[in-house]
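Peer 1: Quick check, what structure comes out for this input:
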Amino acid sequence: MRVLLVGSGGREHALAWKIDQSPLLEELFIAPGNAGTASVGTNLSIQDSDINGLSEYATSKNIDLTIVGPEVPLAAGLVDKFSAVGLKAFGPNRRAAQLEWSKTFAKTFMKDNDIPTSDSLTVNTRDEAVRAADAFGLPVVLKADGLAAGKGVYICESVKEVRTAIDDIVVKRIFGKSGDSLVIEEYLTGSELSVFAFSDGKTISPLVAACDYKRIRNYDKGPNTGGMGAYSPAPFWNPSLEDQIGKEVVEKTLLGMQRIHNEYSGVLFVGLMVTESGPKVLEFNCRLGDPETQTIMPLLEADILEMSMACIDGDLESVEVKWSEESCVTVVLASEGYPATYDTGFPITGLENVSDKSTVFHAGTTLSTNGTFNTSGGRVLSVSSKGRNLNEAKMNTYGNIKKIEFKNSYFRDDIALGI
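Peer 2: Numbers count the residues shown, from 1 in each chain. So this is what the prediction gives:
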């Protein structure tokens, strides 16, 4: 198979690494990719948001399968475009992807389909937001309605934080049109969980779950990021919880999509809070997460190309999707200053010293003409390791991430701590 992978982050390197293991693969192209993906395929100078360019390339090169990594191309209708010209693309169409690109749609959908979630209210102006937030009390959660690269969520514990969040989203419009509406939500307490299911619209794969860390600093301090680390499985993940989430969330979501005549095909990523009264959905994403992908791909004991094609063809029930019983821990190595301002262009050293107990996935890197890797982003690398248990996996990851150096490097040292 000739495969096109869309995206450029750590998630895409992990997907490329997994795709490269498939006996079905003939040739892999990544658009635009990064310095890491270049080691397993051919990077293209096509941006992941260039839907027409991607479609033209896939048509001209007889691409058999396109796998979409990030959310922006899905929201822009890449799957719709490819389908219209007879190309196979793995992921939901634009209408189904509303579950991610419109939090208002997702909230309404959950209420209509009896899917457990927090109470919420959508507003459009600053005054409405202030009144609604005051009515919810503290703490309270404020979210930009549209896509915001994982940074449009504010957990506010004071009136000052509420006003700052409202001004950022509605007045300063730091998330652009994603802030046209603002969703105010009840604050939930419990254990947060990322759950992933592959589906062809009817059949659901066995679920896999991971716990990720969004805040930049240890012990969940500082602003939200795209993710600073993850581990799988969660200590509280068990067959009973998997069955409950499968029936109360995933199955209801697929049935709800069928009712509006829009079958959901691809990966469904459910962000949940496991509360005292049961799991409640915080958000839906319509693709694999980052850095969760770097954590669950090493645990996948199935052919990702076979799975992806089966989802597109409505034949997932014919594929055995299996997840390893081992554990995996991922830690992100970032540029100091991220998620705000940071410097890049620094040489990365020590990669050759990483043992085979860990896999290094690239995100914000470039390859110089002299063969050295340089930093080019906020999240630079992630190191993932499997182990017989979380403690062994964690020791492997931290033992190897400390071997990698670049100027202004930073990582959290509390990922999976005390688990």
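Peer 1: Pull up the distance across stretch 33-49, start to finish.
Peer 2: This stretch, stretch 33-49, spans 13 Å end to end (Cα to Cα, to the nearest Å).
Peer 1: buried residues in that stretch?
Peer 2: Gly33, Asn34, Ala35, Gly36, Thr37, Ala38, Val40, Gly41, Asn43, Leu44, Ile46, Asp48 (16 or more other Cβ atoms under 10 Å). Any C-beta I mention is one placed from the backbone N, CA and C, and that applies to glycine too.
Peer 1: Ok, stretch 206-223 next?
Peer 2: Buried positions in stretch 206-223, judged by neighbour count with 16+ other Cβ under 10 Å: Leu207, Val208, Ala209, Ala210, Cys211, Asp212, Tyr213, Lys214, Arg215, Ile216.
Peer 1: if we take the residues you listed, which one ends up nearest to Ser55?
Peer 2: Distance to Ser55, by Cβ to Cβ, is smallest for Val208 among these, at 31.0 Å.
Peer 1: tally of neighbours for Asn370?
Peer 2: Asn370 is flanked by 6 other residues according to other Cβ atoms under 10 Å.
Peer 1: Which residue ranges of the stretch 301-419 of the chain form helices?
Peer 2: For the stretch 301-419 of the chain, the helices defined by DSSP state H, counting those that start in this stretch occupy 304-313, 390-401.
Peer 1: need the buried residues of stretch 33-49 in a markdown table with distance to Ser199 and secondary structure, can you?
Peer 2: Below are the buried residues of stretch 33-49 laid out as a markdown table (distance: Cβ to Cβ, whole Å; DSSP: H, G, I helix; E, B strand; the rest coil):
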| residue | distance to Ser199 | secondary structure |
| --- | --- | --- |
| Gly33 | 27 | coil |
| Asn34 | 28 | coil |
| Ala35 | 33 | coil |
| Gly36 | 28 | coil |
| Thr37 | 26 | helix |
| Ala38 | 31 | helix |
| Val40 | 27 | coil |
| Gly41 | 26 | coil |
| Asn43 | 30 | strand |
| Leu44 | 29 | coil |
| Ile46 | 28 | coil |
| Asp48 | 23 | coil |
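Peer 1: Can you add pLDDT and give these back as CSV?
Peer 2: Output for the buried residues of stretch 33-49, formatted as CSV (pLDDT from 0 to 100):
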residue, pLDDT
Gly33, 97
Asn34, 97
Ala35, 97
Gly36, 97
Thr37, 98
Ala38, 97
Val40, 97
Gly41, 98
Asn43, 98
Leu44, 98
Ile46, 98
Asp48, 97
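Peer 1: Can you add distance to Gly271 and give those back as JSON lines?
Peer 2: Output for those, formatted as JSON lines (distance: Cβ to Cβ, whole Å):
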{"residue": "Gly33", "distance to Gly271": "27"}
{"residue": "Asn34", "distance to Gly271": "25"}
{"residue": "Ala35", "distance to Gly271": "30"}
{"residue": "Gly36", "distance to Gly271": "26"}
{"residue": "Thr37", "distance to Gly271": "26"}
{"residue": "Ala38", "distance to Gly271": "31"}
{"residue": "Val40", "distance to Gly271": "29"}
{"residue": "Gly41", "distance to Gly271": "30"}
{"residue": "Asn43", "distance to Gly271": "30"}
{"residue": "Leu44", "distance to Gly271": "31"}
{"residue": "Ile46", "distance to Gly271": "30"}
{"residue": "Asp48", "distance to Gly271": "22"}
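Peer 1: circling back: could you export the helices of the stretch 301-419 of the chain as TSV, including distance to Val329, mean pLDDT and mean neighbour count?
Peer 2: TSV is the format used below for the helices of the stretch 301-419 of the chain (distance: least, Cβ to Cβ, whole Å; pLDDT from 0 to 100; neighbours: other Cβ atoms under 10 Å):
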stretch	distance to Val329	mean pLDDT	mean neighbour count
helix 304-313	21	98	21
helix 390-401	4	98	20
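Peer 1: ok, back up a step: from the buried residues of stretch 206-223, which land in strands?
Peer 2: Val208, Ala209, Ala210, Cys211, Asp212, Tyr213, Lys214, Arg215, Ile216 (DSSP state E).
Peer 1: I figured the second one hits Phe196, correct?
Peer 2: Read that as Ala209. Yes: using Cβ atoms under 8 Å, Ala209 makes contact with Phe196 at a distance of 7.4 Å.
Peer 1: need the strands for the stretch 1-150 of the chain, in chain order.
Peer 2: Ranges of strands in the stretch 1-150 of the chain, per DSSP state E, counting those that start in this stretch, are 2-7, 27-32, 42-43, 65-68, 89-90, 120-123, 140-144.
Peer 1: wait, what's in contact with Leu282?
Peer 2: Thr117, Ser118, Leu188, Glu192, Gly271, Leu272, Met273 (Cβ atoms under 8 Å, 6 or more residues apart in numbering).
Peer 1: Looking at neighbours, which among these is most surrounded?
Peer 2: Counting by other Cβ under 10 Å, top hit in the contacts of Leu282: Leu272 with 24 neighbours.
Peer 1: Now for that one: which residues touch it?
Peer 2: Neighbouring residues of Leu272 by Cβ under 8 Å, 6+ apart: Glu192, Leu193, Ser194, Val195, Ile245, Val249, Pro279, Lys280, Val281, Leu282.
Peer 1: Got the confidence number for the fourth one?
Peer 2: When you say that, I think you mean Val195. If you check Val195, the pLDDT there is 98.
Peer 1: my read is it is in a strand, agree?
Peer 2: Yes: Val195 sits within a strand when classified using DSSP: H, G, I helix; E, B strand; the rest coil.
Peer 1: Count the residues that sit near it.
Peer 2: 24.
Peer 1: For it, which residues are in contact?
Peer 2: Counting by Cβ under 8 Å, 6+ apart, Val195 touches Leu207, Val208, Ala209, Ile245, Val249, Val250, Phe269, Val270, Gly271, Leu272.
Peer 1: 10 Å instead, please
Peer 2: By Cβ atoms under 10 Å, 6 or more residues apart in numbering, the residues touching Val195 are 207-210, 234, 237, 241-242, 245-246, 249-250, 268-272, 279, 281, 292.
Peer 1: Just the buried ones among the residues you listed, please.
Peer 2: 207-210, 234, 237, 241-242, 245-246, 249-250, 268-270, 272, 279, 281, 292.
Peer 1: Good, we can wrap up now.
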